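Enquirer: turn this into a structure:
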Amino acid sequence: MLWRLGQKVTLMKFEGPGTMLIGTGRVRSNIDTPPSGGCRTSVELEVDDVADTRNVKGFHQVFLYGEWAELLKAYCQLAGVNAVAM
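Expert: Here you go, the predicted model:
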């Protein structure tokens, strides 16, 4: 799948039963596989409020096309899950 450049995205991942990591960003580029190999979802993202992408928490996050962070935070509040910024 090719991701539209500039598209807003939401990142999320459950970190155990009581914590969900949530972040937002934009698509910067699509990464060809092959030759680079790796995951079939090869996209470069610019993550909001993270100066160095090596500081993004967790691995293998789910990428959601669009702006869903507020809805995920509301779900966390209703479900008793701790929402943590990536």
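Enquirer: low-scoring pLDDT stretches of the protein, where are they?
Expert: Residue ranges of the chain with pLDDT under 70: 1, 35-40, 58.
Enquirer: count of neighbours near Val84?
Expert: 15 (other Cβ atoms under 10 Å). The C-beta positions use only the backbone N, C-alpha and C, and glycine is treated the same way.
Enquirer: that one and Ile22 touch, don't they?
Expert: Yes - Val84 lies in contact with Ile22 (Cβ atoms under 8 Å); the separation is 7.1 Å.
Enquirer: tell me where the chain has strands.
Expert: Using DSSP state E, the strands of the chain run over 8-14, 19-30, 43-47, 62-65, 82-85.
Enquirer: residue nearest the middle of this structure, spatially speaking?
Expert: Leu11 (1.9 Å; Cα atoms, centre = their mean).
Enquirer: quick one: contacts for that one?
Expert: 21-25, 45, 47, 56, 61-64, 86 (Cβ atoms under 8 Å, 6 or more residues apart in numbering).
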